Every structure is written in C-alpha cells, then in structure tokens.
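1. build the 3D model from these lines:
(one chain, ligands or ions: 4)
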Amino acid sequence: QGLKDQKHQKAPQIPSQFSPGERLAMKEALKGAIQIPTVSFSPENLNTAALAQFGEYIQTVFPTIFKTSFIQHEVIGEYSHLLTVRGSDPSLQPYMLMAHSDVVPAPDEGWEVPPFSGLERDGFIHGRGTVDNKNSLMAILQALELLLNRNYIPRRSFFIALGHDEEVSGHNGAQKISALLQARGVKLAFIVDEGDFIFDGFIPYLKKPFAILGVSEKGSINLRLQVNMSPGHSSAPPKETTIGVLAAAVSRLERTPMPNMFGRGPLKMTLQQLAHEFPFPANIILSNLWLFGPLVSRYMERNYITNALVRTTVALTMFNAGVKVNVIPPVAQAMVNFRIDPAQTVQEVLDLVKNIVADDRVQFHVLTAFDPLPISPSDSQALGYQLLRQTIQSIFPEVSTVVPGICIGNTDSRHYANLTAGIYRFNPLYVTPQSFHSIHGINEKISVQAYETQVKFLFEFIQNADADQEPAPHQHEL
Ligand SMILES: CC/C=C\C/C=C\C/C=C\C/C=C\C/C=C\C/C=C\CCC(=O)O
Ligand SMILES: N[C@@H](Cc1ccccc1)C(=O)O
Ligand SMILES: [Zn+2]
Ligand SMILES: [Zn+2]
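-> Ligands and ions are numbered 1, 2, ... in the order given. Predicted coordinates:
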C-alpha cells in the first residue's frame, strides 16, 4: 500500500511473525543489555569497562550478524560499532540506522527497581536505557539477526552506526564514524536515529495518538558565566559580591524568555498537518494560523514541553561559588544550557544573552555550541520520510497521522549532516507525558509488547527500504 507499482518494488516478503522462543530470547537480550552500566558521566569519564563488555555482549547475542559474509563489522573510537550491510543491488543509494549504547547516570534513589537490574515486572522491562536508547540499538540488531536467520539478503545496502558517547557529545563515536564514511566517499539516501516518538495524551483535545518524525533538531550552547572580584573578610563586606552579581545575572536570564519564534519552520508544518485531527473549533484555528497564530503560540507557551517547541530555551544547570563561610568569594561561576530554536542561530542567541545580562562584570565563555540542524525533506519524494510513514501505518494502524516536526533533544545524527540531507529522528514507540519524564529521569521502562513492536517495525522497515525509489504520496482516508 502506498508504493508505486514499479518492477522492483515489493511489500515485505518475510512476515514479521516471531515464534514464542524468539520472543522470549528478544526480551532476555534487552534485559542483558540494560544490566551493563554503560554510563557516560562526562566526555572524560565514561564507564569504559562496561562499554567493552557491551561490545562483546552484542556479538554473543547476535551471532549471525557477526558471521555473515556480506556484513562488515568495525570498531571505531574503541567502543563504537559500524556495521556495513552490503546489499545485492549496488545501484541503490545506501541508508543508515543509528542508536547509542551509552546512558546517563541513574542513582538508585526514587526507582521502583534498581536502574541497572533490567527486571521484568507487570509486563515492563525496567531500567536506564530502556527508552534512551538501548531499545533502539537492540531492536535494530535483533531485527537484522531474525531477518538473516530467515535467509534475508537486502537489495539496498545500509549501515548501522552505534555510538558510545552520545550523551556527552559523540565526538569519539559518531563524529569519527562520520569522518570515516566521508573519507570513503559515502553518501546516504537518509538516516534514521532516535528523537521523536508516537505521542499519546500530550494534547487534551487530541484523543488519537500521532507520530512526529523529527526533521530538524534544536541547536545548543553551553555557556559559562563568571564573575571575579577581590576577596576579603566577611565582617566588612562590599555592597555586592561575585555571588550576588552572578545570581542577579542568571536570574535575569531565567526571567526573560527568548523570543517566541512561532509561525516558522517545522512547527508550522506539524500544526498544519495535524489540524484535521482536532475537533471543532481547534481544527479551524490550526488551519488558519495566519489569523490565529498569536493565540496558538500563547497557548503553547503555557506548558513547558510545548514551550520548548516555540522558542530557544534557557536552563540554569550549574552554579558554583565560595570557599569558606567567612571569606568574600573571589569567583562565582554558572553554567547555562541553551537549546536553540530552528529559526535562530548561535550568534543571535549570544547577542540576546549579552543584552539581557547587561553587566560588564559578567564574563562569557562559550564551551560548546552548534546551530540548529537543517530541515530534512518531508515531501512525497523524500524516501526516508515516506518509508517511515509507510512502516508506521503498517505496524501502528491506529496512528492516523504522521507529521514532520522538531526534535527538542540533540542526537548523534547531527554529526552525519555532511553525508545526507535526509535525517529523521524517530523512535517507533509510544510516549505519554509520564513516560516522557522518565527519559533521563526515574523509572525509565518499556513494555515487553512495545519492545517486540519496535523489533517488528525494524524488521519491516529494513525490507521496505529495498524499494526502488519514492513511495507515492499518501492519500488520507476521510
Ligand atoms: C504540536 C505538537 C504538540 C505536542 C508535541 C508533543 C510533544 C513534544 C515534542 C517533542 C518532545 C519529544 C522528544 C524529545 C525529547 C528527548 C528525546 C530526544 C533526543 C534524545 C537524545 C538523548 O538524550 O539521548
Ligand atoms: N543527547 C543529549 C546530550 C547532548 C547534549 C548536547 C549536545 C550533544 C549531546 C541531550 O540532548 O541532552
Ligand atoms: Zn539521552
Ligand atoms: Zn539518546
């Protein structure tokens, strides 16, 4: 359904049905992956022993992949993995599937079950990485392993790139893999990475779930603010201290939101394409943003997830000062994390920040920064987008709408922007407001059924990607 009737195009040939033994093995494989604490604390501090163990683990649980003659396995940056799956038709441009093996830290406090236990309870597998992002990593490999066991040979070549330092920038993993592929002259038809989801229960008026395919991701700045003053005795304090000056500066930043950029870019596409799903009068309002834009934009500002979709966000994340209770502190430092709206640039945001702080005693130091990512195509000719849409409609028939949108988090895929214009950030997984907060939070978990569905999704997606070219535009059934 949806594919042009061309000679080489075909629906998935191998049905995505798994035996009870395969289903048991796939959930056990995920649990084992969760139990390896591949934590990234900082770019200098990764659990390298766990990362090494993880590399061995995937080779043990997916033996067919690693002994297949048309698959090449390379270890990059010590702990990242690149698989090159050679298809039978070299005339088709290859694509790439991505995931990462590292996770953010998870102290035991607040969890229902220990975060690295991988315990199954009430149909859920619990633990850090079950949603971000060992689910994707294991599901990609699991789907390929099952396909190979059914003697599948792809027509279209593809890469699987598994980064090990995504949570701390991806400089040793994704960035090195990207450089290697560029040196080999590789160009990709498209990339699929983590990012957006199938959203359920995020919009009060919208009862039906909808899928967002992330066609862009926000930029980022990590900015250090610093104030220096001469130290002295606390019994005769100056009128202002480093702490007071810096606190006032960061407070101004927190209280002064960056401009609302509503009406531009991928968010406009999201709302326009989602409009018909809403009941009256929201459908009319969203179909006429030229008139109702200001209303919708103010509405979105009220909730802090949708607020992140309309503007550059400012998060005060670290604050340090003081050496002793009776010493006037010589230096105060704060770290601020900005996530830049696709309609702004690093430079524009820095200029705004300097105007808001408006105090020469505050020094700025940009630690890391990058602009928002270009917008990937989502038209009827966009192969990656259409293959994702087609596979979503097959695996999740109850999801009536698939729309392009922004990814508010950053992903490793940004390191590959030199290899393709088509980067799609999507996890074939439902999220609710509650499960959304478990990402980098507590009680991260995935249902066994949702994980099996993710494997099924990839099992079909890989086969769908063997199609020649662009699937036909989607006709919505009314
Ligand atoms: C009009 C649309 C209204 C509502 C949309 C619903 C929800 C909000 C949209 C986007 C938020 C979704 C996902 C981004 C959050 C994090 C995951 C992204 C990247 C993960 C990177 C990582 O930390 O490893
Ligand atoms: N992916 C993580 C970590 C990260 C942040 C910023 C840049 C690169 C990676 C995030 O979005 O928070
Ligand atoms: Zn993360
Ligand atoms: Zn992630």
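2. could you give the mean pLDDT of stretch 18-27?
-> For stretch 18-27, the mean pLDDT works out to 98.
3. for it, buried residues please.
-> Phe18, Arg23, Met26, Lys27 (16 or more other Cβ atoms under 10 Å). (Glycine included, C-beta is placed from N, CA and C.)
4. which SSE is the second one in?
-> If I follow you right, that is Arg23. helix 20-34 (DSSP states H and E).
5. show me what counts as buried in stretch 34-42.
-> Neighbour count says stretch 34-42 has Ile34, Gln35, Ile36, Pro37, Thr38, Val39, Ser40 buried, by 16+ other Cβ under 10 Å.
6. quick one: which of those is nearest ligand 2?
-> Ser40 (8.7 Å; Cβ to the nearest ligand atom).
7. next secondary structure after the helix or strand hosting the closest one?
-> In this structure, Ser40 sits in strand 40-42 according to DSSP H and E. Where DSSP H and E defines the elements, the next helix or strand beyond strand 40-42 is strand 45-46.
8. strands paired with that next one, and their directions?
-> Partners of strand 45-46 in the sheet, by DSSP bridges, are strand 40-42 (antiparallel).
9. ok, the strand it pairs with near ligand 2 or not?
-> No - for strand 40-42, no contact with ligand 2 is found by Cβ under 6 Å from any ligand atom; the gap never falls below 8.7 Å.
10. what's next to that strand, contact-wise?
-> Here strand 40-42 makes contact (Cβ atoms under 8 Å, 6 or more residues apart in numbering) with Leu46, Asn47, Asp102, Val103, Val104, Pro105, Asp165, Glu166, Glu167, Val168.
11. likewise stretch 400-410?
-> By Cβ under 8 Å, 6+ apart, the list of residues contacting stretch 400-410 reads 195-196, 208, 210-218, 220, 265-267, 269-270, 273-274, 276-277, 305, 308-309, 339, 342, 376, 378, 385, 388-389, 392-393, 425.
12. filter these down to the ones near ligand 1?
-> Near ligand 1, by the rule Cβ under 6 Å from any ligand atom, you find Gly195, Asp196, Thr270, Ile305, Leu309 out of those.
13. what helix or strand does the spatially most central residue of the chain sit in?
-> Centroid check for the chain by Cα atoms, centre = their mean gives Gly195 as the closest residue, at 2.7 Å. If you go by DSSP H and E, Gly195 is part of strand 191-199.
14. output the contacting helices and strands for the helix or strand following that strand.
-> With elements assigned by DSSP H and E, the helix or strand that comes after strand 191-199 is strand 210-217. Contacts defined by 3 or more Cβ pairs under 8 Å, 6 or more residues apart in numbering; DSSP states H and E place strand 210-217 against strand 191-199, helix 265-274, helix 383-395, strand 401-407, strand 423-431.
15. in JSON lines, list those along with distance to ligand 2 and mean pLDDT.
-> Below are the helices and strands packed on strand 210-217 laid out as JSON lines (distance: least, Cβ to the nearest ligand atom, whole Å; pLDDT from 0 to 100):
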{"stretch": "strand 191-199", "distance to ligand 2": "9", "mean pLDDT": "98"}
{"stretch": "helix 265-274", "distance to ligand 2": "17", "mean pLDDT": "95"}
{"stretch": "helix 383-395", "distance to ligand 2": "21", "mean pLDDT": "98"}
{"stretch": "strand 401-407", "distance to ligand 2": "9", "mean pLDDT": "98"}
{"stretch": "strand 423-431", "distance to ligand 2": "11", "mean pLDDT": "98"}
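16. what is the burial count for the residue of the stretch 351-478 of the chain found nearest ligand 1?
-> Sorted by distance to ligand 1 under Cβ to the nearest ligand atom, the residues of the stretch 351-478 of the chain start with Gly409, at 2.6 Å. By the measure other Cβ atoms under 10 Å, the count of residues near Gly409 is 17.
17. for Lys67, see how far away Phe426 is.
-> 30 Å (Cβ to Cβ, to the nearest Å).
18. okay, these two: which has more neighbours?
-> Phe426 (26 against 11).
19. apart from its neighbours in sequence, what residue is nearest the residue nearest to the centre of the chain?
-> Arg425 (2.3 Å; Cβ to Cβ, 6 or more residues apart in numbering).
20. give me the beta-bridge partners of that neighbour?
-> Asp193, Gly214.
21. surely it meets Lys218?
-> No - if you go by Cβ atoms under 8 Å, Arg425 and Lys218 don't touch, sitting 11.0 Å apart.
22. which of the two has more neighbours?
-> Arg425 (28 against 24).
23. residues contacting that one?
-> Val192, Asp193, Glu194, Gly195, Asp196, Leu213, Gly214, Val215, Glu217, Cys407, Thr411, Ser413.
24. tell me the one of these nearest Gly87?
-> Gly87 lies nearest to Val192 out of those, by Cβ to Cβ, at 16.3 Å.
25. how about the strands in the stretch 251-400 of the chain?
-> Along the stretch 251-400 of the chain, the stretches classed as strands by DSSP state E, counting those that start in this stretch are 313-321, 327-328, 331-340, 363-370.
26. any chance of the ones you listed in JSON lines, with distance to Gly87 and mean neighbour count too?
-> Formatted as JSON lines, the strands of the stretch 251-400 of the chain follow (distance: least, Cβ to Cβ, whole Å; neighbours: other Cβ atoms under 10 Å):
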{"stretch": "strand 313-321", "distance to Gly87": "41", "mean neighbour count": "15"}
{"stretch": "strand 327-328", "distance to Gly87": "67", "mean neighbour count": "16"}
{"stretch": "strand 331-340", "distance to Gly87": "37", "mean neighbour count": "20"}
{"stretch": "strand 363-370", "distance to Gly87": "33", "mean neighbour count": "13"}
